[in-house]
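Q: Any chance you could fold what I've pasted below:
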Amino acid sequence: LLLGCELTASTKSYTFQVDEEDDSDHILALSVVCLTDGAKDECNVVEVVGRNHENQEIAVPVANLKLSCQPLLCLDNFKLQPPVTFRLAAGSGPVHLAGWHRIMHREDASFEEDDLSEEDEEELPPIMPAKK
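A: Got it, this is the predicted structure:
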């Protein structure tokens, strides 16, 4: 599934969350953050707000965009675990965020693991040294 949202002066944050009762694993990947039409030449800082291993809220800046020097940033599918909030910490935007959301059903994942374990049992031939 594709994800897209826009952060502006009037809409400074967007939260992506999943149903807590959902028994699936969710992966959210952020691909591109870019300034869009109407952006001013000012620093626009986008941060990701999530939770650390102690369930404490943590905010991490992921992009600092400016129209005249860096209007776009490719994040190479930066993976996050929902729930996560994208926040415009500085600037007025508009900043567009694009990425994807993958749902892995646990029944499917266990089926794949069983298939892989049988393949792993095959013994690989030894690596021979190169001949000179």
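Q: Let me know how buried residue 32 is, in neighbour terms.
A: Under the neighbour criterion other Cβ atoms under 10 Å, residue 32 is assigned a count of 16. For glycine as for every other residue, the C-beta is placed from the backbone atoms N, C-alpha and C.
Q: my guess is it contacts residue 77, does it?
A: No - when contacts are counted by Cβ atoms under 8 Å, residue 32 is not listed as touching residue 77 (9.8 Å).
Q: For the residue nearest to residue 38 when sequence neighbours are not counted, what are phi and psi?
A: Setting aside the residues directly before and after it, residue 38 is nearest to residue 94 in space (Cβ to Cβ, 6 or more residues apart in numbering), at 5.9 Å. Here is the backbone geometry of residue 94 (degrees, to the nearest 10): phi -70, psi 140.
Q: now residue 94: how far from residue 35?
A: From residue 94 over to residue 35 the distance is 7 Å, taken as Cβ to Cβ, to the nearest Å.
Q: Name the residue in those two with the higher neighbour count.
A: Comparing residue 94 with residue 35 by other Cβ under 10 Å, the one with more neighbours is residue 35, at 23 against 20.
Q: give the contact list for the closest residue to that one other than its chain neighbours.
A: Of all residues beyond its chain neighbours, the one nearest residue 35 is residue 71 (4.5 Å), with distances taken as Cβ to Cβ, 6+ apart. The neighbours of residue 71, taking Cβ atoms under 8 Å, 6 or more residues apart in numbering as the test, are 34-35, 39, 65.
Q: Just the residues you listed: which are in strands?
A: With strands taken from DSSP state E, the overlap with those comprises 34-35, 65.
Q: Just name the closest of these to residue 9, please.
A: residue 35 (13.1 Å; Cβ to Cβ).
Q: any idea how far the closest one lies from residue 56?
A: From residue 35 over to residue 56 the distance is 31 Å, taken as Cβ to Cβ.
Q: Then residue 64?
A: Counting by Cβ to Cβ, the separation of residue 64 from residue 56 is 24 Å.
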